[in-house]
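Colleague: sharing a model that was predicted from the sequence below.
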Amino acid sequence: MSRKAFGVIMADEYTPVDEVAWQQKWDEANIFDCNMADERPKFYCLEMYPYPSGKMHMGHVRNYSIGDAVARNKRMMGFNVLYPIGFDSFGMPAENAARDEGGHPYEITERNMASITQQIKRMGFSYDWRRQVKSHDPRYYKWTQYFFSQFYQKGLAYREFAPVNWCGQCVTVLANEQVKAGRCWRCNGPVTQKEMNQWFFDTPQYAQELVDGLETVAYPENVKSLQKDWLGRSEGAEISFKVNDSELVIEVFTTRPDTLFGVTFVTLAPEHPMAEQLVQGTKYESGWKALYDEVSVMSEFDRIKNMNKKKGVPSGRFATHPLTGEQIPIWIGNFVIASYGTGAVMAVPGHDERDFDFAQTFDIPVKRVLSMTEDADPLAPLEAAETDFGWMVNSPIEGFDGLYGEEAMKAITDALESKGIGKQTLNWKIRPWLISRQRYWGTPIPIIHCEDCGVVLVPESDLPVELPTDVVFATGNPLETSESFVNVDCPTCGKAARRETDTMDTFVDSSWYFMRYTDSMNDDIFFEPETVNHFMNVDFYCGGIEHAQMHLIYARFFTKALRDLGLHSIDEPFNKLLCQGMVNAPAPWCESCQLTFSVGHADSPCPHCDGPLTNRSAKMSKSLGNTVSPGLMIEKYGADTVRLFILFSANPTAGMDWSDTAIASNHRVMIQMASMPSRLLAWNGSASSMDTWMLGRLKQRCEEFQIAMEHFDLRRAVEISHYDLIKDINWYVRRGGENAQLGLQIIKTWTHLVSVSTPHLAEEWWQTIGMEGLVCGTEMEILAPISADEQSALDCETLLRSVLDSARRIKDVAERHLDGPAQSAIVVVSPTWKRTMAVEALDFIEQGGSPKKFVAHLSQMEMTQGERKGEIIGYWGKKMLPQVFKWDDASRVLLRSELDEVEALSQRAHFIAEELGLQSVQVVLGESPEDETGRAGGSLPLAPAIVYA
RNA sequence: GCCGGGGUUCCCGAGCGGUCAAAGGGGGUGGACUCAAGAUCCUCUGCGUAAAGCUUCGCAGGUUCGAAUCCUGCCCCCGGCACCA
């Protein structure tokens, strides 16, 4: 039996579709190549730049299955789709592996890339592989270096001796964003502070634009809020406090200038340069030194954690209050962070909890300068800091008392500005991006240090500065071990000089790869402005939430910075961002300990409490051992089944639970799907009235499919293509349809829908029905809009189905009353006046009439002029009024249409009888002479009463 | 504490003023087919009843002819930020 013989394949057998063969055909036909010259509208679909670990995991599979479905749909809908892939191939894992196991990061990386590439290709994703980008390719990092040079010349990249985060395990520094809860984001090792000469990008320069830009892009709300938190905009004032007996001035930043009169001390961070100056040679110096030594070696995390223990030392010096001239003691405190604001705060214990704590500890006076209610006693003592906005009281200067909130703050800043001792300012939490890494496997920073000329840029013509191979991976920065790399002549003066040995953070590489993709085969330039402007921005960007702050802030910063260098004209790199949900799988769980254990503990008692373990869904992870290998699943079920399962089991943004039974059941769907072409092509009947319905239904499904795709509701799209259409076809057949010609038309259109999520199967279908070429390279023929006839057929069948539904619902009960099986039924269509009333009421309300006032209108109508007036008006209030609003738009159209319910149902009476297992079904108009049931009362338009006998 | 997202019928999950007792899936039920199993198809899955009515969408109120959906207050869960001046 041939491998292509469908229908008799058992569930546990390998999928019959030869997926690899189709992948080869796609490859040979170059159908996924995307070219600038293509005149169709562009669509840029992108997934986050992957790190090339050796194996593809389920998270990758999910990410790419989503992206691929979006790309394939757009391609089929006539877009010129740019859908590239590449590898974020610099980074520490390869270097650590080289250090620990021998070998060279280059070889390790290339080997991993080859292996993961093969696995990705086996899934059949529709990438334009020609455009592949690799961070560690000198053809790529040459331009990364070029951009660094440009930034340097513009002052956007600079070198500074500063305290930085140091990860001892990774033997390198980290950016602020890369420190998570005081630990390294990559290795989770402890992070300490160290002062070093380091390279920075001046990200705060773009802070405002990075906040504003969030309003123009379609990111999930949580990502926007994460980014805003990270950028940390705060408005306030900078105020100068002159230090007594010196020329020194302490600048403080405050968000609450309205509390200025409540300042009873000023506090400096221990690292504040002025702190040492103030105490030098005094009896206070040792106190400061002790605090400094304690605090400066702490990681920022530990430090913030310990801030609740207020520590501080007096400096022995005083400053002058800028408005009142009062003498204010200067303290040095552990709770002030040197790098935030100005590294100094004005302390207002009356209206700030932290300052209140400190004042209590050191017995510093507390002053009330705000009242929380307008007419409160201004002299009421403060039991605790009152931090809300309030009305200014006790102001030593005229004109401030009684001012509130914004107004109060403005009055103070105005007063300061007029005296030149303060100004309104904006402060940001985001700090410059530290890009230096003391590691080998990254883009070398193109700088030469010359004794005479200082810091010198490597001339553009000498780029790229390539990584040397003669390095030793032991401890420290391997680049320093390469004589050939380090020793270089100064490009300016020619004297012997030293190369910079720091390399760049790999997040620099991933900050512009999406622009390189647009022109990645071009080695003359990073990208042609015209090309990048054509393809950017990214229309659909899919990846994990873990990049919500780092990558997504850096990439946005880079895009704006390159734009300002005149290299392109794009403001925001990513228009639509979708963060895919986690992939979970069951893991042992102890209810009483609330702990998850690795799968090794399955079937044994809880290691902590000895209680029984149950299963619970948890993120797939190596440590829990609950991972599922994509490779094995592809081997067992094929790539199409894996894709179908992944797309169908959850919406892209929702968490997804892995289930062995569910993937098996999806595989059965695939097997059933495989037989569809032969099933439909085997029809040998002629045209029938159901054909009109089927064609209308097909058109409806295509529309629904596109709506779902537009909303990235891939679950719904797959449901339409792989579940609903089967049900529709079953209905068509059940109603007697078997038109061979229509069968071909259905399958032709359907193949396109199927190709979005299960492309290999779609090719198989395309071939089976004798179509030319590859369906994945063929635009979908858009069907004509639904015709009036088709609509009416859809409507009649909808009516039929709803009648059948309610008939089935009451059949059991009816049979109980009949004391035996029902033999026949009479369908009593609602009397004409009900439909007239319904339409009249709909018109009335749609024209803005109040439902309450319809009774008056109804009383004027002809139908209420007879003896049934009371009954009819009663019917309106009790039955029709609630129903009027329940009809959807389609039903409203139907009510006003020519549809004759009696006729439509009479034509289908035989089918109804068959479905209900009855000998006969009669359809009558309620209250007409033929209606002997007396049961028309329960009927409604589009919902006849059914009387069993 | 602040910001963002949530709490829906046995479970997962859609809905976000009337088509809502509430899609779809899972699980369960009954039936068709079959020697049987699998697969497939159909029915039912809040109580109730010849279609009524009643209760239900975290809790309590409110707006409306009508609320799962809108407003107010409260409780709980998840994520982020946080002695940030």
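Modeller: Everything's here; your move.
Colleague: can you mark which positions in the longest helix that chain A contains are buried?
Modeller: Taking DSSP state H as the criterion, chain A has its longest helix at helix A:788-818. By neighbour count with 16 or more other C-beta atoms under 10 Å, helix A:788-818 contains the buried residues A:790-797, A:799-800, A:803-804, A:807, A:811, A:814. (C-beta placed from N, C-alpha, C; glycine too.)
Colleague: what's the answer for stretch A:773-788, then?
Modeller: By 16+ other C-beta under 10 Å, the buried positions in stretch A:773-788 come out as A:774-778, A:780, A:786.
Colleague: please save the CA atoms from that stretch in CSV.
Modeller: Extracted in CSV, the C-alpha atoms of stretch A:773-788 (Å, rounded to 0.1, in the frame of the first residue of the first chain):
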residue,chain,number,x,y,z
GLY,A,773,2.6,24.4,-8.8
LEU,A,774,2.7,24.8,-5.0
VAL,A,775,-0.2,26.1,-3.0
CYS,A,776,2.2,27.9,-0.6
GLY,A,777,3.4,30.0,-3.5
THR,A,778,-0.1,30.7,-4.9
GLU,A,779,-2.3,33.6,-3.9
MET,A,780,-5.8,32.6,-2.9
GLU,A,781,-8.5,33.4,-5.3
ILE,A,782,-10.9,35.6,-3.4
LEU,A,783,-14.5,34.4,-3.8
ALA,A,784,-17.2,36.8,-4.8
PRO,A,785,-19.3,38.3,-2.0
ILE,A,786,-22.1,36.2,-0.7
SER,A,787,-25.1,36.6,-3.1
ALA,A,788,-28.7,37.2,-2.2
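Colleague: now find how far off-centre it is within its chain.
Modeller: Its chain's C-alpha centre and that of stretch A:773-788 lie 31 Å apart, by C-alpha atoms, centre = their mean, to the nearest Å.
Colleague: which residues touch it?
Modeller: The contact list for stretch A:773-788 (C-beta atoms under 8 Å, 6 or more residues apart in numbering) reads A:25-26, A:29, A:31-32, A:72, A:75-78, A:126, A:696, A:698-700, A:702, A:748-749, A:751-752, A:755, A:759, A:762-763, A:765-766, A:771, A:794.
Colleague: and that stretch, average pLDDT?
Modeller: When pLDDT is averaged along stretch A:773-788, the result is 92.
Colleague: same thing with stretch A:400-415?
Modeller: In this model, stretch A:400-415 has an average pLDDT of 91.
Colleague: if we go by neighbour counts, what in it is buried?
Modeller: Within stretch A:400-415, the residues that count as buried by 16+ other C-beta under 10 Å are A:400-401, A:403, A:408-409, A:411-413, A:415.
Colleague: same question, stretch A:142-162
Modeller: The neighbour-count check on stretch A:142-162 (16+ other C-beta under 10 Å) flags A:142-152, A:156-157, A:159, A:162 as buried.
Colleague: also stretch A:197-209?
Modeller: Neighbour-count burial for stretch A:197-209, with 16+ other C-beta under 10 Å as criterion, is recorded at A:198-207.
Colleague: follow-up on the earlier one: farthest-apart pair in the buried residues of stretch A:773-788, please.
Modeller: Farthest pair in the buried residues of stretch A:773-788 (C-beta to C-beta) is A:L774 and A:I786. Separation: 29.2 Å.
Colleague: now the residue of the stretch 601-750 of chain A found nearest RNA strand B: which helix or strand?
Modeller: Residue of the stretch 601-750 of chain A nearest RNA strand B, by C-beta to the nearest atom of the strand: A:R668 (4.3 Å). If you go by DSSP states H and E, A:R668 is part of helix A:660-674.
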